[in-house]
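J.: Next input, structure requested:
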Amino acid sequence: MLIQPNSRLLFIGDSITDCGRKRPIGSGSFDQALGNGYVSLVDAALTALYPDYAIDTINMGISGDTVHDLKYRWKRDTLDLKPDWLSILIGINDVWQHINQLWQSAGQDPVDRFAETLDDLVGQVRPGVKGLILMTPYYLEPDPLEPMRAMMDQFGAAVGEVAARHQAMLVDSQADFNPLIDIVDPNQLAMDRVHINLAGHMVLARAFLREIGFTWDRKLKWGSDSD
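T.: Sure thing, here's the model as predicted:
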């Protein structure tokens, strides 16, 4: 696995990351400290199959956040917590604000503005982390020409460009959902096609774990080192 033993793994983002996590810092193994979403599932998998790694998982998601909200709390909720590995999932609310015409972008394209802010945040944290993972926003709509889905794909592409620029790992959330929503009605995963149930969070958790080289059939050996 790519994440080193005794690492601090921090997740930050919006409601998809938040999922009712503990305040002020989502940390710990009990009382839904990490929320009830993909962050908790990732931590459970790491604890069950890589207990010797002693990964310290922290959830700093806040429901309703845009990338600009992240900007205002970046130092307190990211830099000051000194993560070894950082995962960012943001963009869904940025798209919603634009669709609802609440975003006053002063004439600048909303995707460009989003990308510039995300790029700045990633640039601030990149030198101090061993690993960085960017997760794209998604919309559970099979038709890529549907306006909300089309806009979400544009923001997802912007996340991919920022990841490439900073040599970060990329989880294409939309690509992981697409095969599922070709079979399952999206309403079975999220009534609003965004706020997913546990099955949807499992899709995100599996995609994240795949990216970091997690092995589901890892064998634990008493008194010996493992891969």
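J.: So what touches the least confident helix or strand in the chain by mean pLDDT?
T.: For the chain, counting by mean pLDDT, DSSP states H and E, helix 92-99 ranks last in confidence among helices and strands (a mean of 86). Helix 92-99 is contacted from outside by 14, 16, 64-68, 103, 110, 114, 137-139, 147-148, 151-152, 155, 194, using CB atoms under 8 Å, 6 or more residues apart in numbering. Placement of C-beta: from N, CA and C, glycine included.
J.: other SSEs contacting the next helix or strand after that helix?
T.: Going down the chain from helix 92-99, the next helix or strand is helix 110-125, by DSSP states H and E. Counting by 3 or more CB pairs under 8 Å, 6 or more residues apart in numbering; DSSP states H and E, the packing neighbours recorded for helix 110-125 are helix 67-77, strand 85-89, helix 92-99, strand 131-135, helix 147-165.
J.: between those, which gets the lowest average pLDDT?
T.: Note on these: lowest mean pLDDT is at helix 92-99, with a mean of 86.
J.: Mind checking which residue lies nearest the centre of this structure?
T.: By CA atoms, centre = their mean, the mean C-alpha position of the chain lies nearest to Leu89, the distance being 3.2 Å.
J.: okay, Lys219: pLDDT?
T.: 88.
J.: scratch that, Gly223
T.: With respect to pLDDT, Gly223 has a value of 58.
J.: With Ile12 instead?
T.: Reported pLDDT for Ile12: 98.
J.: can you check Pro127 too?
T.: Per-residue pLDDT puts Pro127 at 96.
J.: Compute the number of surrounding residues for it.
T.: Here the count is done by other CB atoms under 10 Å, and Pro127 has 6 residues near it.
J.: Low-confidence stretches in the chain?
T.: By pLDDT under 70, the weakly predicted segments of the chain are 100-108, 222-227.
J.: one more time with 90
T.: For the chain, the stretches with pLDDT under 90 are 29-31, 96-110, 219-227.
J.: Could you check how far the helix or strand harbouring Val42 is from the centre of its chain?
T.: Element membership of Val42, judged by DSSP H and E, is helix 38-49. Computed by CA atoms, centre = their mean, to the nearest Å, the separation of helix 38-49 from the middle of its chain amounts to 14 Å.
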